[in-house]
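Novice: Got a predicted structure here, sequence first:
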Amino acid sequence: MTTLWQPSGLLLDTPPGQDTRRRGVDFEQSSKPATSKHHPHVTHHIPIDNEEHVQTSIANFISPVARAFSRQLEEEPLTHEEAVNAAKHPDFESSERVVINVSGLKFETQLQTLNNFPRTLLGNPQKRVRYFDPLRNEYFFDRNRPSFDAILYYYQSNGRLRRPNHVPIDVFTEEIKFFELGEDAFNKFREDEGFIKEEERILPRPEIQRKIWLLFEYPETSQWARVIAIISVIVILMSIVIFCLETLPKFKRYRVRAADNSSYDNTRLMIEEDDIPELTEPFFIIETCCIVWFSFELIVRFCSCPLKLVFLKSIMNIIDIVAIVPYFITLFTILAEEKTKSNQAMSLAILRVIRLVRVFRIFKLSRHSKGLQILGQTLRASMQELGLLIFFLFIGVILFSSAVYFAEQGEPESFFKSIPDAFWWAMITMTTVGYGDMRPVGIWGKIVGSMCAIAGVLTIALPVPVIVSNFNYFYHRDIDSEEQKDIKYANTDNIAAEKAAAINGDGTCGTAHVSIGSSIKKSDLSSAESYQHLGESDAFLHEETSNFRNGNHKGAVCPAGVGSVVANSPLTQRKVNSASINNMNVETDV
């Protein structure tokens, strides 16, 4: 018969041939002598009739670590039936339950639930093993407890992330980053919370090309970029002023030409406006200077842009092209007229259309005006409401134009000769403009006009609050984005590969957006850099931990800029704690 040493200081007898490592304190309905270690001749008998009292007394002597270790030793292997079921059903192992301890609050879920997101901290076995406590058979996280309800619901709901009302946004943001839910979940959370979506600015790789692109495309990046933006705005305003002033009567040019050949008097002359300017006119010279700047700016921006096809598809760039095309058509018309002196009527018709296109230059100001950008975003977001407004107006115009036509049909002085003639009156009445060129004169026509005006007021007033609400949303969002800009710069090459190659072999960071230099405000990049450094430190420590377990730890160089993050990172402390737990396990096994 062998004896088993227990931490309480008692030696309990064990039947011969039985493995003592798989046995704990066994209380059976029999008297078993216990011999003291220091006094082998003294035997203590455990009473049989008070088994519950004995269990409580012995348990008080046993330390918590020994009790936990004893419970692990008492675990029995799977029975034959359970092993057969596991072999027949592959999902038998996936239904295993996992206990997660978050600052003392325990959560329990299935392993398959966590495996739905294998790239996250809890879904990746290699990542979550660092937080496993083998003594308690659970994962321990010293994190915010109220936030973990939403984190666990993210796994259970297959990707729906909702912040608890009593958890601050900054705290919940840190939990999202810690549990590595991913950039998509983080961006979706920011969008639900009303934050502006991160603007990804693609930069060219060559340094000179990148500087030129930032100089002409992003005025906020440097002082010289602001100067170029101011020059561009001045040139745009000058072009618009010239476009308006040249239509004044004292600046107009007239010419005398003969009447048509079909006239009986071939000596009759006609005076008409000359729409074809001369090359020496002051207005044309100023217009030429403006077009030179517009063309230079467009060519430089196109040559330095990282994505040529995206550049050509941009609405703002299309407006820039449309703004300079009329000048070259006008110049071609002037040169053609001087050579041929024919087909002037066709040239005048083309020039009048082209001159109208010049008014679109005013939209070039939207590149430098936040107000115009907000207005464009509001109209784009309110397209459904604007479509309903136009549809309601269309119905009202058809209805009231038909009604006023038949109401005024018997009046001799009626202005409504047909239903299409009444379309104009119905439109200006529903929009409460009322030019007065057409009006009802009979009593029934005036009643229809009153109903048309009331219906127009109600129709226009219904979608207006939605449009105003959209404008307020974009306006306040733009103000908030100025205070906390979070812009991510990337290269034209594979962005994901660039992030993965941020840690070079020589221990330096090779990200492209860091090399922009002083042309980028630190406030614009602080959030993005801190997030990147945190990710690099996690990857570095995870790799070193894996090498340590596999025995391949040969010493590595910490990436530049990550050292301070690694030193203060909770992962460092977790690594130390993990090593301490491993040492405890070895001592316990021994």
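Specialist: Received, thanks.

Novice: Assign residue 117 to helix, strand or coil.
Specialist: Following DSSP: H, G, I helix; E, B strand; the rest coil, residue 117 is assigned to coil.

Novice: Now do the contacts for the closest residue to it other than its chain neighbours.
Specialist: The shortest distance from residue 117 to any non-neighbouring residue, by C-beta to C-beta, 6 or more residues apart in numbering, is to residue 123 (4.1 Å). For every residue, glycine as well, the C-beta is placed using N, CA and C. For residue 123, the contacting residues are 114, 115, 116, 117, 155, by C-beta atoms under 8 Å, 6 or more residues apart in numbering.

Novice: List just the nearest of these to residue 245.
Specialist: residue 117 (64.2 Å; C-beta to C-beta).

Novice: just to revisit the earlier point, now the contacts of residue 123 as a markdown table including distance to residue 283?
Specialist: Below are the contacts of residue 123 laid out as a markdown table (distance: C-beta to C-beta, whole Å):
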| residue | distance to residue 283 |
| --- | --- |
| 114 | 72 |
| 115 | 73 |
| 116 | 68 |
| 117 | 65 |
| 155 | 69 |
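
Novice: Produce a ChimeraX select command limited to the buried residues of these.
Specialist: ChimeraX command restricting the contacts of residue 123 to the buried ones, with burial defined by 16 or more other C-beta atoms under 10 Å:
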select :114,117,155
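
Novice: Among the contacts of residue 123, which pair sits farthest apart?
Specialist: Farthest-apart pair in the contacts of residue 123 is 115 and 155; separation 9.1 Å (C-beta to C-beta).

Novice: on that earlier part again, dump the contacts of residue 123 to CSV, plus distance to residue 233 and pLDDT.
Specialist: Shown next, in CSV, are those (distance: C-beta to C-beta, whole Å; pLDDT from 0 to 100):
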residue, distance to residue 233, pLDDT
114, 55, 91
115, 56, 89
116, 52, 89
117, 49, 92
155, 51, 93
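
Novice: Could you check the pLDDT of the residue nearest to residue 117?
Specialist: According to the prediction, residue 123 has pLDDT 91.

Novice: same question, residue 195
Specialist: Reading off the confidence values, residue 195 has pLDDT 72.

Novice: ditto for residue 323
Specialist: pLDDT for residue 323: 83.

Novice: Can I take it that it is in a helix?
Specialist: Yes. Under three-state DSSP, residue 323 sits within a helix.

Novice: check contacts around it.
Specialist: So residue 323 contacts 239, 294, 358, 360, 361, 364 (C-beta under 8 Å, 6+ apart).

Novice: And the residues you listed, which two are furthest apart?
Specialist: By the measure C-beta to C-beta, 294 and 360 form the most distant pair in the contacts of residue 323, at 12.2 Å.

Novice: quick one: which of the two has more around it?
Specialist: Between residue 294 and residue 360, counted using other C-beta atoms under 10 Å, the more crowded position is residue 294 (21 against 14).

Novice: Pull the number of nearby residues for residue 480.
Specialist: Residue 480: 13 surrounding residues under other C-beta under 10 Å.

Novice: Looking at the helix or strand it falls within now, give me its mean pLDDT.
Specialist: Taking DSSP states H and E as the definition, residue 480 sits inside helix 464-483. Here helix 464-483 scores 82 as its mean pLDDT.

Novice: one step back: can you list which of the contacts of residue 323 are found in helices?
Specialist: 239, 294 (DSSP state H).

Novice: so which of the contacts of residue 323 comes closest to residue 159?
Specialist: Distance to residue 159 across the contacts of residue 323 (C-beta to C-beta) is lowest for residue 364, with 42.2 Å.

Novice: Measure how buried the residue nearest to that closest one when sequence neighbours are not counted is and give me the count.
Specialist: Take residue 364 and drop its neighbours on the chain: the residue closest to it by C-beta to C-beta, 6+ apart is residue 236, 5.0 Å away. By other C-beta under 10 Å, 21 other residues sit near residue 236.

Novice: Also residue 454?
Specialist: 11.

Novice: quick one: the residue nearest to residue 364 and residue 433, what's the gap?
Specialist: 31 Å (C-beta to C-beta, to the nearest Å).

Novice: counting contacts, what elements does the host helix or strand of residue 402 pack onto?
Specialist: Element membership of residue 402, judged by DSSP H and E, is helix 383-407. Contacting helix 383-407 under the criterion 3 or more C-beta pairs under 8 Å, 6 or more residues apart in numbering; DSSP states H and E are the following elements: helix 419-430, helix 443-461, helix 464-483.

Novice: Can you add distance to residue 413 and give the ones you listed back as a markdown table?
Specialist: Listed next are these as a markdown table, based on distance: least, C-beta to C-beta, whole Å:
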| stretch | distance to residue 413 |
| --- | --- |
| helix 419-430 | 14 |
| helix 443-461 | 11 |
| helix 464-483 | 37 |
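
Novice: for those helices, which one ends up most surrounded?
Specialist: helix 419-430 (a mean of 20; mean count of other C-beta atoms under 10 Å).

Novice: got the angle between it and helix 443-461?
Specialist: Here the directions of helix 419-430 and helix 443-461 differ by 60 degrees (axes from the mean of the first three to the mean of the last three C-alpha atoms, to 10 degrees).

Novice: Let me know the angle separating helix 419-430 from helix 383-407.
Specialist: Interaxial angle of helix 419-430 relative to helix 383-407 (the same axes, to 10 degrees): 120 degrees.

Novice: follow-up on the earlier one: so which of the contacts of residue 323 comes closest to residue 406?
Specialist: Nearest to residue 406 among the contacts of residue 323, with distances taken as C-beta to C-beta, is residue 360, at 42.7 Å.

Novice: For the nearest residue to residue 363 once chain neighbours are set aside, give me its contacts.
Specialist: Nearest non-adjacent residue to residue 363, counting by C-beta to C-beta, 6+ apart: residue 319, 5.0 Å away. Taking C-beta under 8 Å, 6+ apart, we find residue 319 in contact with 360, 361, 363, 364.

Novice: switch the cut-off to 7 Å
Specialist: Residues in contact with residue 319 (C-beta atoms under 7 Å, 6 or more residues apart in numbering) are 360, 363, 364.

Novice: Pull the CA coordinates from stretch 295-303 and hand them back as PDB.
Specialist: Once non-C-alpha atoms are left out, stretch 295-303 reads as follows in PDB (Å, rounded to 0.1, in the frame of the first residue of the first chain):
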ATOM      1  CA  SER A 295      -4.400  74.500 -68.900                       C
ATOM      2  CA  PHE A 296      -1.100  74.600 -67.000                       C
ATOM      3  CA  GLU A 297      -2.900  73.500 -63.800                       C
ATOM      4  CA  LEU A 298      -4.800  70.700 -65.600                       C
ATOM      5  CA  ILE A 299      -1.700  69.300 -67.400                       C
ATOM      6  CA  VAL A 300       0.400  69.300 -64.200                       C
ATOM      7  CA  ARG A 301      -2.200  67.600 -62.200                       C
ATOM      8  CA  PHE A 302      -2.800  65.000 -64.800                       C
ATOM      9  CA  CYS A 303       0.900  64.200 -65.200                       C
END
